[in-house]
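J.: What follows is a predicted protein model with its sequence.
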Amino acid sequence: MIYFIVKGGPVMIPIILASVVGLAIILERLFVIHRVYRLDMESFSNIIYKHILDGKYDEALKVCRNHSEFPLPAMFQAVLENKELSRHDLEKMLERIGNHYVKNLERRLGGLVSVVGIEPLMGFLGTITGLIRAFMAWEKAGNDVTVSALASGIYEAMITTAAGLMVAIPYYLFYNYFISKIKYFGHELDDYSSRLLEIIVEERLR
């Protein structure tokens, strides 16, 4: 590995640094998303719905407070603590809180997609600088040029391109994974909180 890094030339330094930054973002986001999904939202929601239908608002609020470190219980808690508000106001409040949690999940993903975009470009830059070195060696050697004289520049050209793509491809897959998980999570928050509002409005009409 060290051999290929050295042969890749100076452009390998920013390629490696960017890959480290991207990896740190991936690991941190994996931890955050895994923590959010530790709560079974369907089971939790059904428990809260049952308490409300039974008229046990205090019990439902207690369960929410016991799990307030998770987004959905925090949203449910806000609704239950302000259940006297109109449905429109409750919907606005839920939308604001839900957007806050989704934005937290999306943090640093802009940095990750920047790494994905920059890595191939730095690889192509290494290709150009490597080819420049190869042609300069060719010009210097003239008719006496040998493969070994050109090898250093060609090595740099090929290795940097490969390194940039080797980082960008898996990182792009991770980026799409995060986006899909966050999008699905946002839909779940919306579905379960909408059902909560429907139950509360129905209970008011009784």
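T.: Structure received.

J.: How much space separates the most centrally placed residue in the chain from K103?
T.: When CA atoms, centre = their mean is applied to the chain, the residue found nearest the centroid is F178 (4.1 Å). Separation of F178 from K103 (CB to CB, to the nearest Å): 13 Å. In short, each C-beta sits where N, CA and C put it, glycine included.

J.: quick one: terminal-to-terminal distance for stretch 51-63?
T.: 10 Å (CA to CA, to the nearest Å).

J.: where do the helices sit along the chain?
T.: Here the chain has its helices, by DSSP state H, at 2-7, 12-36, 41-53, 57-66, 71-81, 87-106, 109-141, 147-205.

J.: which one of these is the most hemmed in?
T.: Greatest average neighbour count among the helices of the chain goes to helix 71-81 (a mean of 21), per mean count of other CB atoms under 10 Å.

J.: so what does that one touch, helix or strand wise?
T.: Contacts defined by 3 or more CB pairs under 8 Å, 6 or more residues apart in numbering; DSSP states H and E place helix 71-81 against helix 41-53, helix 57-66, helix 87-106, helix 147-205.

J.: quick one, which of those is nearest to A24?
T.: Of all the helices and strands packed on helix 71-81, the one in closest proximity to A24, counting by CB to CB, is helix 147-205 (11.5 Å).

J.: That closest one vs helix 71-81, what angle?
T.: Orientation check (axes from the mean of the first three to the mean of the last three CA atoms, to 10 degrees): helix 147-205 against helix 71-81 gives 30 degrees.

J.: now helix 147-205: mean pLDDT?
T.: Across helix 147-205, the average pLDDT comes to 87.

J.: Please name every helix or strand in contact with it.
T.: In terms of contacts (3+ CB pairs under 8 Å, 6+ apart), helix 147-205 is packed against helix 2-7, helix 12-36, helix 41-53, helix 71-81, helix 87-106, helix 109-141.

J.: go again using 10 Å as the cut-off
T.: helix 2-7, helix 12-36, helix 41-53, helix 57-66, helix 71-81, helix 87-106, helix 109-141 (3 or more CB pairs under 10 Å, 6 or more residues apart in numbering; DSSP states H and E).

J.: and those helices, which one's lowest on average pLDDT?
T.: helix 2-7 (a mean of 65).

J.: Many thanks, I have nothing further to ask.
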